[in-house]
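> Okay, predicted coordinates and the sequence, questions at the end:
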Amino acid sequence: MAWFSTSPLWLTCFCLCVLSVSAQLQRIEHPAKADATLSLVVIGDWGRKGKYNQSEVALQMGRVAEKLNIDFVISTGDNFYDDGLIGIGDAAFEDSFSRIYNAKSLQKTWYNVLGNHDYRGDVLAQLNPILGKIDKRWICQRSFIVDTEIAEFFFVDTTPFVDKYFYKPKHHKYDWRGVLPRKKYLSKLLEDLDLALKGSTANWKIVVGHHTIRSIGHHGDTIELKMQLLPILEANNVDMYINGHDHCLEHISSTTSQIQFLTSGGGSKAWKGDINKNNLDGVKFYYDGQGFMSMELEKSNAKIVYYDIFGQVLNELNLSKGLQISAM
């Protein structure tokens, strides 16, 4: 391994209010703690029915979540391998999700985005609120906003941006219902995101998507997102972009803006030794094993910690508004 440092809404135990932002973005109100702090864990690329050490990562995630008294969980997509769900009755939902993430501390709302593997199955099943009746933690939409008062999380459906899924799908089929015509879908999504970011008054603006913008892992940078999504993030002073897709843990600092690129895609099967050493600009941390990420937010400070399969701390990043970034 390489390591170097340079619930449906009506069933949750707290008040969640869904307000219409646009045709594609909905806003979910999820208040921070009474002391105006927020804590969460981030996992990606996980749904393998416990295999490839998914269960072991889940165990450690539960322990960290208990220690931090988390408010919710973020999933960065590829929730069910290899080809998403086959329908709302697919046993994989319980075998890869409910029965694996069974720690008491993880019985919080899960905010999920879709990954490219999810699009190979029945996308509408994963988006169906009926799954929330099977497991009340499950919230999955294409693109949406979670407003915690001190931070706003903008979840973006990134798979439709990637050309090769449309033009060079190889042996895979993708469920594009609700996406076509593609150009109109993406244009509307980017317009809505831009407007929502411009209107945000949160201390922290955090965007979540499945695909990488910057990565030195197996997949590397996603060119379509660098061209279409990144300029909007930079123009609106986004603080962090969180993603999965590459099966690793990463922190890369932007060389042109304040954005920190954070990868948490080590939920199960990981890439070992698959590093692009020709694209190291801004790379602060990379680990090509399994693990997950935690985040603690205050009004002016953020602490991001990366953990391995044994729950050991691999890297720690501290951000302060108006101050320099420090990393361990």
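Nice, I can see it.
> Now do the helices in the stretch 101-250 of the chain.
123-127, 130-134, 164-167, 182-199, 223-228, 230-235 (DSSP state H, counting those that start in this stretch).
> So which of those is nearest residue 271?
helix 164-167 (18.5 Å; CB to CB). Glycine gets a C-beta too; all of them are placed from N, C-alpha and C.
> picking that back up, output the helices of the stretch 101-250 of the chain as TSV; include the columns mean neighbour count, mean pLDDT and distance to residue 84.
What follows is those, written out as TSV (neighbours: other CB atoms under 10 Å; pLDDT from 0 to 100; distance: least, CB to CB, whole Å):
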stretch	mean neighbour count	mean pLDDT	distance to residue 84
helix 123-127	20	98	7
helix 130-134	17	97	12
helix 164-167	12	94	13
helix 182-199	16	97	19
helix 223-228	15	98	21
helix 230-235	17	98	27
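> Distance to residue 142 for those - can I get that in CSV?
CSV is the format used below for these (distance: least, CB to CB, whole Å):
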stretch, distance to residue 142
helix 123-127, 7
helix 130-134, 15
helix 164-167, 15
helix 182-199, 8
helix 223-228, 16
helix 230-235, 17
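> right, so of these, which gets closest to residue 50?
helix 130-134 (17.8 Å).
> residues contacting residue 49?
Taking CB atoms under 8 Å, 6 or more residues apart in numbering, we find residue 49 in contact with 92, 95, 96, 100.
> Isn't the last one up against residue 59?
Pointing back at residue 100 there. No. Assessed by CB atoms under 8 Å, residue 100 is found out of contact with residue 59, at 9.3 Å.
> between those two, who's got more neighbours?
The neighbour comparison of residue 100 against residue 59 (other CB atoms under 10 Å) goes to residue 100, with 23 against 17.
> Not counting sequence-adjacent ones, nearest residue to that one?
Nearest residue to residue 100 in three dimensions, chain neighbours excluded: residue 58, at 5.0 Å (CB to CB, 6 or more residues apart in numbering).
> Understood, closing this out.
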